[in-house]
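Novice: the following comprises the amino acid sequence and a computationally predicted model.
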Amino acid sequence: MKKTAVSTMVGFGIGIFCIVFSIKMSGNFSSFLNWPSVFITVGGTTGAVVVSFPPNKLKTLGRVMKKSFKKVQYDFVKDIQTIVSLSEIARSKGLLALEDAAPKYADDEFLQKGILLIADGVGEDVLKKALRSEIYFAKKRHQDGHAMLDMIANTSTSLGLLGTYIGLIPMLENLEDPTKLGPLMAIELVTSFYGAFIAYVVFMPMSKRLKVMSADEALRKEFLLEGLTSIMEGKNPRTIQENMISCLTKKDVKKMGSVSKQIRELKMKGVA
């Protein structure tokens, strides 16, 4: 089960707190509550999004937003150890023996699919095509979610500008009546505030986080694909490990070295 990303909650908390605190310092909250502005920004944005996307896509909006609050962290050191372990099985028992190891990775559909394809004896081109197709279509699905959040962010800012026009035009028509200038100017400014808040504090950060998560997922899958391809080619486990270590940070390389040392010590104790 994926945990909630604390950094995301902290980031939203900081942004919202600073804005609310600034409002509190500068005046009162009732000054920032304007129903015409709410209808323009929230209502207009909702209508634009409903028009832009089919119902089956709109149904996923809640899940997409929820996903941006989930903590997803990949352990590349563990992935290297997994690939090296699988390569040792393949070299000692043959590629067909990988089929028995596949159920162990049931929680990682991409890796399990690659293992089963190798065990089935498919060619290298078939393996790469199948797994790269999965990477490609996963990216496309993610892009649909990003597109909805980007649409909300872009539309809300534009409608904030529209609210400025809606307040400005009647205000210019009623310059001789000072009593009408205040409410009309409030529509101008508060609508722009709502649009900027919705876009820059809420939906743009969500979209950016999901794009980063999607890129990290694609990178990891390409990383695993490289390892699985090396297993199929029959490369030495040590060679596979050295090739994959080049993708790690210095911190992860040190971690990899200490873990490998512990594994060797355990094996030596087992032999003894």
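Specialist: Ah, there it is.
Novice: contact partners for residue 69?
Specialist: By Cβ atoms under 8 Å, 6 or more residues apart in numbering, the contact list for residue 69 reads 4-5, 8-9. Just so you know, the C-beta spots here come from the backbone N, C-alpha and C atoms, and that holds for glycine as well.
Novice: just the pLDDT for the residue nearest to the spatial centre of the chain.
Specialist: The centre of the chain sits closest to residue 210, judged by Cα atoms, centre = their mean, with a distance of 2.4 Å. On pLDDT, residue 210 comes in at 94.
Novice: wouldn't it be in contact with residue 147 here?
Specialist: No - taking contacts as Cβ atoms under 8 Å, residue 210 lies outside contact range of residue 147: 10.6 Å.
Novice: not counting its neighbours along the chain, what's nearest residue 144?
Specialist: For residue 144, ignoring the flanking residues on the chain, the nearest one in space by Cβ to Cβ, 6 or more residues apart in numbering is residue 57 at 5.9 Å.
Novice: what ranges do the helices span in this structure?
Specialist: Taking DSSP state H as the test, the helices found in the chain are 6-26, 35-38, 44-52, 55-58, 61-67, 76-93, 98-101, 109-119, 124-173, 178-196, 204-232, 237-245, 250-271.
Novice: and which of the contacts of residue 69 is nearest residue 52?
Specialist: Top of the list for closeness to residue 52, among the contacts of residue 69 and by Cβ to Cβ, is residue 8 at 25.7 Å.
Novice: what about the nearest residue to the residue nearest to the centre of the chain once chain neighbours are set aside, distance to residue 8?
Specialist: In space, not counting the residues next to it along the chain, residue 210 is nearest to residue 68; the distance is 5.3 Å by Cβ to Cβ, 6+ apart. Counting by Cβ to Cβ, to the nearest Å, the separation of residue 68 from residue 8 is 7 Å.
Novice: likewise residue 73?
Specialist: For residue 73, the distance to residue 8 - Cβ to Cβ - is 13 Å.
Novice: those two: who's more crowded?
Specialist: residue 8 (16 against 8; other Cβ atoms under 10 Å).
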